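Visitor: Predicted coordinates and the sequence they were generated for:
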Amino acid sequence: SQQGEEDPQALSIQEGENATMNCSYKTSINNLQWYRQNSGRGLVHLILIRSNEREKHSGRLRVTLDTSKKSSSLLITASRAADTASYFCATDGGYSTLTFGKGTMLLVSP
Amino acid sequence: NAGVMQNPRHLVRRRGQEARLRCSPMKGHSHVYWYRQLPEEGLKFMVYLQKENIIDESGMPKERFSAEFPKEGPSILRIQQVVRGDSAAYFCASSPPVGTGNSPLHFGNGTRLTVT
């Protein structure tokens, strides 16, 4: 079964707005990662947050992790049309490799 | 540094034929992972390999699918007697030899397999 589940499935916003995507998972984890996928391309790593961290920033990205609720959120501030992509969370909960959710499709309109 | 290289980018096979997908990991990476992605779905783990070893193949169908990562050369995902349901994008990723989840995975741009 899926370890990570993103919410919402799809998100449509205007340029300049903030975009928030959520991820819930089932088992205990060591780390949680977020990836981005442009149409027709492979996934690109965005950020890794460890289980003992609560928040992490990278440029316009802000990731939070709540291990008590088994959830994470990815916030993209001041979004741009170029941020249009699918975003996936991935967890390592007890498996030999990362398990990905189904992703959130983000559309940023100019 | 070249990233993860997958070829071919697109592969069309008729039902019953064999498909061979190749993946060259990033330089210095000894771990290779294969994932399958159906339209508007997430990535489903298939197999995890190190050089000359299959570490975890729990996501791979028991029949028709096999994978290898030889001492020399790329990793190969082989699908025998393809069926229409095998049509998907197959992604390869690599990582350095660190614990699972401790390092980002570096993905190739995938091979899109179409079975007619």
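Guide: Structure's in. What do you need?
Visitor: from here on, contacts and neighbour counts on C-alpha atoms
Guide: OK.
Visitor: Show me what the one residue sitting closest to the centre of chain B bridges to in the sheet.
Guide: Nearest to the mean C-alpha position of chain B, by C-alpha atoms, centre = their mean, lies B:Trp34 at 3.3 Å. Note on B:Trp34: beta-bridge partners B:Val47, B:Cys92, judged by DSSP bridges.
Visitor: got the residues of chain B near chain A?
Guide: Residues of chain B lying near chain A by C-alpha under 8 Å from any C-alpha of the partner chain: B:40-45, B:48, B:56, B:91, B:100-102, B:104-110.
Visitor: tell me the contacts of the residue nearest to the centre of chain B?
Guide: B:Phe45, B:Met46, B:Val47, B:Tyr48, B:Leu77, B:Tyr90, B:Phe91, B:Cys92, B:Ala93 (C-alpha atoms under 8 Å, 6 or more residues apart in numbering or on different chains).
Visitor: same check, this time on B:Ile55
Guide: Listed by C-alpha under 8 Å, 6+ apart, the contact partners of B:Ile55 are B:Val47, B:Tyr48, B:Leu49.
Visitor: need those residues in a markdown table with distance to A:Thr104 and neighbour count, can you?
Guide: A markdown table is the format used below for the contacts of B:Ile55 (distance: C-alpha to C-alpha, whole Å; neighbours: other C-alpha atoms under 10 Å in any protein chain shown):
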| residue | distance to A:Thr104 | neighbour count |
| --- | --- | --- |
| B:Val47 | 24 | 25 |
| B:Tyr48 | 25 | 26 |
| B:Leu49 | 29 | 21 |
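Visitor: Looking at these, spot the one nearest chain A.
Guide: Among the contacts of B:Ile55, B:Tyr48 lies closest to chain A (C-alpha to the nearest C-alpha), at 7.4 Å.
Visitor: From A:Thr84, how far off is that closest one?
Guide: 30 Å (C-alpha to C-alpha, to the nearest Å).
Visitor: rewinding a little: of the contacts of B:Trp34, which is the most crowded?
Guide: In terms of neighbours by other C-alpha atoms under 10 Å in any protein chain shown, those top out with B:Cys92 at 32 neighbours.
Visitor: What strand or helix carries A:Thr97?
Guide: A:Thr97 belongs to no helix or strand when assigned by DSSP states H and E.
Visitor: which regions of chain A lie under the pLDDT threshold?
Guide: Within chain A, the stretches with pLDDT under 70 are A:1-3, A:94-95.
Visitor: just the residues of it that are near chain B, which are they?
Guide: Residues of chain A lying near chain B (C-alpha under 8 Å from any C-alpha): A:30-33, A:40-45, A:48, A:88, A:91-92, A:95-103.
Visitor: Make a PyMOL selection of whichever of the residues you listed turn out to be buried.
Guide: In PyMOL, a selection of the buried entries from the residues of chain A next to chain B looks like this (16 or more other C-alpha atoms under 10 Å in any protein chain shown):
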select buried, chain A and resi 30+31+32+33+42+43+44+45+48+88+91+92+97+98+99+100+101+102+103
